[in-house]
Structure formats: C-alpha cells, structure tokens
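Student: Curious how this folds, go ahead:
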Amino acid sequence: MGTSSQNRAGPRAHVTTAAVLRINAGSSSLTFSLWHLTGHGERQEALRGEIEKIGIAPRLAARTPAGDTLLDKTFGCGGAEQSRDPPI
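Tutor: Predicted structure coming up:
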C-alpha cells in the first residue's frame with residue numbers, strides 16, 4: 001500500500017495561508033483585527049471588531065476594512081453577574 005496525493009475528487013491542493021490576529025484587551029473591552037500576509041510580506045486587513053461593555057451588557061461587532069457590518073450582537077444585560085456558570 002502506498003500513499004497518494006490524489007483522492008476521488010482529484011489532486012489535493014496544498015494551500016498555506018499566513019495571518020496575524022491582533023488583540024488588545026482593556027478592563028471592559030477587547031478589540032481585534034485579522035490581517036492576511038501576502039506573498040510579498042505585506043499585510044492586508046481582513047476584518048476588525050470589538051467586544052465592549054464586558055460584564056455589563058456585552059456587545060460584539062465586526063466590520064470589513066471598508067466599514068461594512070459583518071456582525072453586531074448585543075447580549076443580555078447583567079453580564080457576568082447574571083451568569084449561572086462559574087467564572088473559570
């Protein structure tokens with residue numbers, strides 16, 4: 001038995017992607033951005049967003065580099081104080 005680089009759908013494509021995830025945490029917020037690295041060593045922003053009001057009424061938002069909304073969700077008020085799960 002040998003190994004093959006082909007399956008029923010044809011040859012497997014080997015794709016390698018490099019990316020950087022930037023995270024910045026504050027006392028009640030977290031911001032993030034995702035960057036793709038090009039073959040020429042340049043960075044290209046893929047998305048950015050934030051989680052704010054952590055522990056109060058958390059809101060998660062993410063946008064494209066052009067500012068188009070990808071996700072905008074507010075969670076129930078009370079935050080961690082209303083959670084029945086242990087903190088850790």
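Student: Let me see the residues that make contact with stretch 19-27.
Tutor: Stretch 19-27 is contacted from outside by L30, T31, F32, S33, L34, W35, H36, L37, R43, A46, using CB atoms under 8 Å, 6 or more residues apart in numbering. Placement of C-beta: from N, CA and C, glycine included.
Student: let me fix that: stretch 28-35
Tutor: Here stretch 28-35 has contacts from 19-24, 43-56, using CB under 8 Å, 6+ apart.
Student: Tell me which of the residues you listed fall in strands.
Tutor: Those of these mapping onto strands are 19-24, 43-52, per DSSP state E.
Student: hang on, the earlier thing: which two of the contacts of stretch 19-27 have the greatest separation?
Tutor: L30 and L37 (22.6 Å; CB to CB).
Student: A62: how many residues sit nearby?
Tutor: By the criterion of other CB atoms under 10 Å, A62 has 17 neighbours.
Student: What residue, apart from its backbone neighbours, is nearest it spatially?
Tutor: Of all residues not flanking A62 in the chain, G49 sits nearest, at 3.4 Å (CB to CB, 6 or more residues apart in numbering).
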